[in-house]
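Colleague: Sequence first, predicted coordinates after that:
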Amino acid sequence: MKHSRFITFIAVALISLTGCEKFFLEKPDTTGTVDINTIFSSEKNATALLMNTYRNVLLMDWPGGIGISHSTLGSISGEVGRGYDWHGSFIISNQGLSVNGCDGSENGAERYSANWRFIRACYILIENIDMVPDMDDTMKKYVKAEAKCLIAYRYMGMFYRYGGVPLVYKSYTSSDDMTTGRSSVQEVLDLIVRLCDEAYADLPDSWDAVNLGRLTKGVALAVKARALQYAARPLFNSATPYLDNGAANNLICFGNYDKERWKQAIDANLAVIEWANANGYQLLNTGGAGEGVPNPNAFDDYATATSVAGNPEVLLPYKCDEYTQGIHTYMLFTMFVPDSHWDTDDDGVLTNMLENYYAADGQDLDIPAVGEAARPGSDWVELIENIEPRAKADIKFCGFDSYNNPGDQNWQEVGWIRESGNMAIDRADAWPGSLDQSAGCGAPVKFWYKAGTRTWFELPLFRMSEFYLNLAEAYNEYDDPQNALKYLNYVHNRAGLPSITESGQTALRETIQREFYIEFFFEGGKRYYNSKHWKREDIDDGICGGQMRELQFSFRAGTQAPNTKDKIEWYWNANTFRSTWHPRMFLEPFPQSEINKGYIVQNPGY
Amino acid sequence: MNRNIIKYILLSVFLPAAANAGAQDMEKPGIGDDLSTAAISSVSGDELYGIPAANLSNTMVSPISGLTLMQGTGQVGGDTANWLIRGVGSYGSGNFKSAAIFVDGFEVTEEYFVSMSPAEIDRIEILKDAAALAIYGDKADNGVILVTTKRGEAGKPKINARVRYGVQSPTAVNKPLGAYDYARLYNQAVSNDAGQWAPAYQDYQLEDIKNGYTPDVDWFDEVMRDYGSYVDGNVIFSGGNKSARYNLTFGYLNNQGLLDVRNTDNTKNLSYQRYNLRANLDFDILNFMEAKIDIGGRLEYKRRPNYDIGSLFYNMARIPAISYDIWDNEEKTDWSGTAIYPDNPVASINSLGWYENKYRMLQGNFVLKERLDFLLKGLYIEESFSFFSLTTSSYSKTRDYARYHLGVQTTVNQNTSITASGYGSDSMKDWKQGKVGLGYKGEFGDHAVSASVNAHISSFQGDTYFEYKNHYVNFYGLFDYNYAGKYVAAFAFSVFGNDAYAPGHRYHFYPSVSGAWIMSREDWMKQVSWVDFLKLRASVGLTGNSYSMETSALSAFNFDSHGRYLYNRYYTTGTTGSFFMGPNSTWQSTLVPAFIENDRVAPEKSLKANIGIDAQLFSGLSVSVDAFLDKRYGILTVDNSRMNYYGKLVYLSNIGRMTNAGFEVSATYTGKAGDFSYAVAGAVSYARNRIDYMAEVKPANDFSAQTGLPYGTYIGLVADGFYDIDDFNPDGSLADGLPEPVFGAVQPGDVKYKDLDGNNIVDQNDVRKIGKSWVPELTASLGAKFMFKGFDFSFLFQGIGCVSYNLLDNQQTTAFVNNANVFSIADNAWAYYPEQGIDNRAGATYPRLTTQNNENNYQTSSLWVVDAGYIKLRNVELGYQFRKGPRLYVSGQNLLTFSPLLSKYNLDPESPDGYYPALKSITAGITITF
């Protein structure tokens, strides 16, 4: 009896204990932030997620979007100086690309893993947007298409940086198999094209004013066009890869040369131009001079196209119009923002870049060769006053006021307060090679046309001139020099220069590539990637590697600031530093930490 | 009389480390002291009282085996010590102060514990092994600190009054060099940067500096007074009868800091005041019921000048003596200050007003126990409820002052008149806990059994994201059996439910088994005359830990949840910036996924094994020895092993493993010769851990890996002296054959590093273990007490060893860089200017001076990582007990420190970062008992 009472008591006690347990361990009321159900419970939150994917995905190849924390890709492709000795660009220039990170990167100048983080965010959108109760079906369709196009954009970037990479079709969960290796170059290209085609079908041609800046059909075409252009270029479109990769050659090239790849590129680029012309985008040429004739408004048109927000030449801008985006730290060379000049001291324009520009009459520039006797300052003034309009819009030359912010003291020598070139003041003994390097012949000021004291600019991610030059290149390779010249001259004439009439395929190839270098100076690492995919013979001789050259200037004794051009006594050209190049650097290395996991193979040579 | 005093003191001051004095209760296994199977060390409240300190944690330097205690800075009101139980077992919770704290059976916060008064404490026990810890479930991995407050005893009323007064001063103040030395060394620094002798201060200027024509301010002297003070008084009333007993404690404490500023309406010294009140009441009701009602309340006030104390000491160290005088004019109306050094330290404490934090705490426990002998003899149930509330608020009086230099105003600050802030509440925490338990205790001949099953529910509510509301439920039980007081077997368990985890993964089971053999009660041992008591113990079991530091990887995503809620997919607006739309660039808010969810996240587990011996020998020696092994697994870890294309967001899972092992020895010896009696006690604790797996990204070279080393081991470059002149070619490039460092151009006098992987480049791939961990492996203490007639004299040494410190963590190490000051460590810098008669190449211990950021020299390297062990004389005390009267005593705390950090760098090893100094003190007190 006693015992049964005891047992009953215990049973009652235990039941009452387990009763309170459910009540007690519920999902917490709050964790301080939003979970996935909250995100997709309102259009507002879902849009916020979309906007973040825009912000992250689209920042690629520009400061903040590359791996290294300091400097630009121009510093490792012969456009500008290599930066301070602790900048990632300096380390890469010194040592080449590494499988380990430097200056904040994970590998070389890259942040490999960020691609996957952003692609995952896009897939989460695609998979969950249908849950949003207050978003209409059209908008849901748009969001899915935008997400697809953004995925394609990142894959396009990985395509030209790494070659074949793993293919991802969804947002993985913790239980998914994680052992996929790299897919071939062809499979990656196919995925990009498929995603672009699907996005094109569902994206709108235009957005209302509130949503201006979101992806359109034109962007889907542009991503596809750029991807196919890279696919047709010699690095991938070849029977033999740049370095033998054994059984894995299909990860770094197509394994054959197929001329039809150029045809596909032509069609894709023509499609962009056709769509653009129908929807209000254009290669900006307001001079009204007609085809084949130099554009009298060249400076204004080119400067507007590269600098002004919302101009019709830009198919897709990166609209992060705020100081805190930090891009100005490496691309704004004036002194009016305190922290904008900390990182640009050693990023002056190199002779290697300067010599690409034409004189205003279409002739080559007459720049002193290294070792040649110094020339008087008056010669420098004459050289620059007669340089083509694009150079004037791109560079604030040593001693000159910048052309692109006329009348604004912040952009003139008097308000510059820092070296605007390799200057030797009061140094009668200065002679070639004896001066500081890396301030070059001037400072890049592209993208800041009439910017005044604005601290941001909208990065032109796709600018119409790209597709014209793509066509010029593709037609030339497709043995159609007539069309090649036609599309080249669209860009060349727009820049105020007389038509090019070159006809030999090799010579024309060189001329087209030179036009790319000029037109896209300092613009999203184009010189860096294009040179590699063109597989240029001289890539180790003054482009990505090899000898870098800079102009140096001596000023008359007793010169006081401002160091205006009239006070320059002599100028000359000098070898300043050498950059490291190795053929393995045609493609970027994967992070060693990723290789160590054992599922993907490294690109050859690393 | 004499013997009673000795007995009292020996018992209270040097309790045998492993024995626990408490009677049977539900929180600890074991039936009485002798039969405990667990590894528990303990210390009495009276012993803690013997170390005068405002913060309870600083009193725990006594010989408590298994506890490592480091006192830290003496910053009044901010001086909580760092402690560890059996070292660090997990990098996941890998930090000091990770043990859970329970007061009278209920969990409390650290801030409640550290401001308890020793007067209200009966004893503190440190639970170390699985036998003791298993019932604490998710709270137990890193040990538990168990506090029991004083209760009344039946008898005539007793009043115990104690007052003491102390003066406190720094153990070591590392002052910057004076104006002349600053200028002399600055000349070297700028010359080194220029590549030739290019002094900033010419000889005549140096002469002026020497002759005192320039400012030469010792900021430490100007800001600090020589002594701070300490007053502590408390009164304890206790007594009662069989049916009602009471113990009432009232305490007051006032601690004044070291700042040379008076307490006025407009200014305040750094200070801490505390009022403690505790009433513990026991009732026996109706012959079968016992009730306990405990109320503890506390008021605390922390005051300081209206300037952050850390920043104040940073400025005192940073502003060169030569920069400016305190006042910019002779009338002393204009404070000095410049754009580079805007905050004049003397002005900071005098002319900014003051700031006060107030804390109000209330803890109440109510316990009811009913004996159910009418159901079954020995059966009882116990219900208890506890609440805890902490409210903090602040008050301030603020003003500002204009800064001048050479008659010119240098900043935009203006002199303003003082204004008082409104009184505002800052935060509030609530903790409500309840327990119900059913127990049984019985004897059947030689067999004795005790058992209990209990449920403990806890609801915590705070103010931050992840503390808004936390619940846990703990079902636990204890089963003990012994035969004839010789053989003991025990089983304990916890089924712990925690709302941090996904449904279905919230409950975890933690069992332990343990046994003891009291050998000395065997017949064949009874003949061994020198053995009074001998027990062998062993335990093995499982514990858990749900608190994790690893979610700090998510702090950029505002999700540093300490391991909570990782099962759900969360998004954040933190640090993601915005995107713009439309022709007018309209700002669009953004959200970003914070991490990859993992619904299988669970508490980290610890498999603990312990063997121990407790012995009393030779009628006076008490020894306790323990050896332990702690295998951690399932440590919540950022999984770097997943392929990036998975999505490369932080993914946390329970994959880490560590091993921690060590031993503890503690001993007490008491003796007596006529009127002279003495006691000696010491303890040595050693714990060494190893990271077995932490998903570390494989470094380029195996020798750079952290895995396989103790947690926190310093890894860095191996310094190999300094570059000399002949290491360079005439054009300044490094000579052939020398590896090229990648941290920027080097020149003579820069630190040379070993190229460990032999690729001729010195970079971060050349790092390896260069010292011990910042977690000490060894703790030791030794104390003694001598009594002769009414006199008593005692001392206590305590120290730690097998520990390293990185001098770069001290702001004073890096001279001149970023307008920093220069300290004596840099006085022996490499320098070579033969024409100036400077050649310090041979004996240099510091790289060449520079004013520029020098990435090469200030890398973490073996040059900077140094031994940080120490021994301190924690207490020395002389007292006299009047017959039937008061006891008077004087004592000193931390009067001696032996440490390489102190002797070589003038840094106190417990507060080496160069902020508020560690303290020593001299105290006089009186104790009166009626």
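Modeller: Sure, I can see it. Numbers count the residues shown, from 1 in each chain, chains lettered A, B, ... in the order given.

Colleague: For the stretch 101-250 of chain A, just list every one of the strands.
Modeller: Here the stretch 101-250 of chain A has no strands by DSSP state E, counting those that start in this stretch.

Colleague: what does it put close to chain B?
Modeller: Within the stretch 101-250 of chain A, the residues that sit near chain B (CB under 8 Å from any CB of the partner chain) are A:112-117, A:119-121, A:124, A:165-166, A:168, A:171-174, A:176, A:178-180, A:209-214. Heads up, the C-betas are built off the backbone N, CA and C, glycines and all.

Colleague: Now the buried members of the residues you listed.
Modeller: A:112-117, A:119-121, A:124, A:165-166, A:168, A:171-172, A:174, A:211-214 (16 or more other CB atoms under 10 Å in any protein chain shown).

Colleague: what residue of chain B is the furthest out?
Modeller: For chain B, the largest distance from the centre (CA atoms, centre = their mean) belongs to B:P583, which lies 56.1 Å off.

Colleague: So it is in contact with A:L212, correct?
Modeller: Yes. In this structure, B:P583 is within contact of A:L212 by CB atoms under 8 Å, at 5.8 Å.

Colleague: tell me, what's touching the two both at once?
Modeller: Residues touching both B:P583 and A:L212 by CB atoms under 8 Å, 6 or more residues apart in numbering or on different chains: A:G310.

Colleague: For the stretch 351-500 of chain B, which residues are neighbours of chain A?
Modeller: B:375-376, B:379, B:381, B:436, B:438, B:453, B:455, B:457, B:459, B:464-466, B:468-473, B:475, B:497-499.

Colleague: Buried subset of the residues you listed, written for ChimeraX?
Modeller: The ChimeraX command for the buried members of those (criterion: 16+ other CB under 10 Å) is given here:
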select /B:379,381,436,438,453,455,457,459,465,466,469,470,471,472,473,475,497,498,499
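
Colleague: Just the helices from the stretch 301-450 of chain B, written as ranges.
Modeller: Here the stretch 301-450 of chain B has its helices, by DSSP state H, counting those that start in this stretch, at B:309-318, B:345-350.

Colleague: Could you dump those helices into TSV and include distance to A:R194 and mean neighbour count?
Modeller: Shown next, in TSV, are these (distance: least, CB to CB, whole Å; neighbours: other CB atoms under 10 Å in any protein chain shown):
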stretch	distance to A:R194	mean neighbour count
helix B:309-318	58	20
helix B:345-350	65	23
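
Colleague: Just read off the phi/psi values of the residue nearest to B:N701 when sequence neighbours are not counted.
Modeller: Leaving aside its chain neighbours, B:N701 sits nearest to B:D757 (5.0 Å; criterion: CB to CB, 6 or more residues apart in numbering or on different chains). Main-chain torsions, B:D757, degrees, to the nearest 10: phi -90, psi 0.

Colleague: Then the one 4 residues further on?
Modeller: As for B:I761, its main-chain torsions (degrees, to the nearest 10) stand at phi -130, psi 130.

Colleague: Grab the nearest non-local neighbour of it.
Modeller: B:E740 (5.5 Å).

Colleague: now B:A54
Modeller: Per CB to CB, 6+ apart, closest to B:A54 is B:N255, 4.4 Å.

Colleague: and if you look at B:H505?
Modeller: B:A602 (5.7 Å).

Colleague: Ok, B:P511 next?
Modeller: Nearest to B:P511 is B:F493, by CB to CB, 6+ apart, at 4.6 Å.
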